[in-house]
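Visitor: dropping a prediction and its sequence here:
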Amino acid sequence: MLKKFLNYQLLLSGSLDWATSQKDSKKVFFSIFILFIFMFSLSAMFDGGGIIFYPIPYILYVTYSIINSQNKLFEIPPVSKMYTLINIYLFVFVTGLGIIIAGALIILFVELLLPISSAFNLSNVEGAILLSDSWRAILVTGCMTAIIFNVLLPIFFIRSNFLRKVLIILVTVFATIALLLFKNALFVETGKMNFVKSINIMPNYYEILLILACVSLVTIPISIIVSYRIYTRRWIAW
């Protein structure tokens with residue numbers, strides 16, 4: 001069973017439509033450039049603490065490319081659409097976990113180098129070092145990330161290109177505004193501008209974490225059901 005899942009995950013990876021022509025190359029480069037600008041803006045808005053959200057845009061971009069690629073190798077095996085969906089959700093969360101682990105190793109490496117050189121006096125590096133010592137921030141933002149994934153993934157299966165992109169933009173804008181409001185509320189309570197620092201010392205931490213964890217767990221099956229309905233063209237088939 002495990003080998004079957006692993007093989008299917010490889011099929012998902014193989015479905016990535018990485019640029020096979022000059023036109024596609026420009027499109028991929030432009031998309032990555034937009035992601036970079038968005039992440040830079042996040043860092044500025046969260047005073048360096050936005051580094052904790054860096055994996056989200058790239059994971060979502062890769063997943064979007066797989067689902068809407070023209071080379072859908074994952075649809076070749078004779079498996080149910082529900083099995084395909086479960087594997088896609090596993091791919092998203094496992095990829096996210098892998099990026100977090102890789103990021104933690106990089107952060108630890110930077111933290112070791114920091115005493116050697118004073119050239120790393122940047123808010124992003126400070127936020128990264130703080131993040132490596134803060135499981136409180138990781139747990140809270142992990143739940144937030146899961147909720148964002150669960151909201152966006154069903155939208156990726158919508159066939160209409162126009163409707164799909166409009167909804168993605170709306171959800172992205174709404175999620176950014178919600179995070180900024182949450183950050184501002186933390187600032188009022190803690191007096192800290194940095195998002196990660198604010199989470200570390202925020203009051204009622206465990207109550208907020210419990211609410212976010214419950215919401216993220218509840219939205220997973222709902223998201224899968226909605227994705228299944230859209231993927232099988234029972235909803236929004238145009």
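Guide: Yes, it's here.
Visitor: all contacts plus neighbour counts: C-alpha atoms, from now on.
Guide: Noted.
Visitor: tell me the helices in the chain, going along the chain?
Guide: Assigned by DSSP state H, the helices in the chain fall at 2-14, 22-45, 55-67, 81-113, 123-132, 135-156, 161-190, 195-201, 205-231.
Visitor: pick the most buried one from these.
Guide: Of all those, helix 195-201 has the most neighbours on average by mean count of other C-alpha atoms under 10 Å, namely a mean of 22.
Visitor: any idea of the mean pLDDT in it?
Guide: Throughout helix 195-201, pLDDT has a mean value of 78.
Visitor: helices or strands up against that helix?
Guide: With contacts defined as 3 or more C-alpha pairs under 8 Å, 6 or more residues apart in numbering; DSSP states H and E, the packing partners of helix 195-201 are helix 123-132, helix 135-156, helix 161-190.
Visitor: residue contacts, the residue nearest to the spatial centre of the chain?
Guide: Residue closest to the mean C-alpha point of the chain, counted by C-alpha atoms, centre = their mean, is Ile56 at 2.3 Å. Neighbouring residues of Ile56 by C-alpha atoms under 8 Å, 6 or more residues apart in numbering: Gly96, Thr145.
Visitor: show me where the protein dips below the pLDDT cut-off.
Guide: 1, 17-30, 43-44, 47-52, 97, 100-134, 234-238 (pLDDT under 70).
Visitor: at 50 what do you get?
Guide: Counting by pLDDT under 50, the ranges of the chain that qualify are 19-23, 116-122.
Visitor: ok, and the closest non-adjacent residue to Thr232?
Guide: Distance criterion C-alpha to C-alpha, 6 or more residues apart in numbering; nearest residue to Thr232, sequence neighbours excluded, is Lys81 at 7.5 Å.
Visitor: hmm, Tyr228 and that neighbour touching each other?
Guide: Yes: between Lys81 and Tyr228 there is a contact under C-alpha atoms under 8 Å: 7.3 Å.
Visitor: if we can go back for a sec, among the helices and strands packed on helix 195-201, which comes closest to Cys214?
Guide: With C-alpha to C-alpha as the measure, helix 135-156 is the member of these nearest Cys214 (8.9 Å).
Visitor: I'd like to know which elements that closest one is packed against.
Guide: helix 55-67, helix 161-190, helix 195-201, helix 205-231.
Visitor: okay, the third one in CSV with CA atoms only?
Guide: Presented in CSV, the C-alpha positions along helix 195-201 are these (Å, rounded to 0.1, in the frame of the first residue of the first chain):
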residue,chain,number,x,y,z
PHE,A,195,4.6,38.6,13.6
VAL,A,196,6.7,35.7,15.0
LYS,A,197,7.6,37.7,18.1
SER,A,198,4.0,38.6,18.7
ILE,A,199,2.9,35.0,18.6
ASN,A,200,5.5,34.0,21.1
ILE,A,201,4.2,36.3,23.8
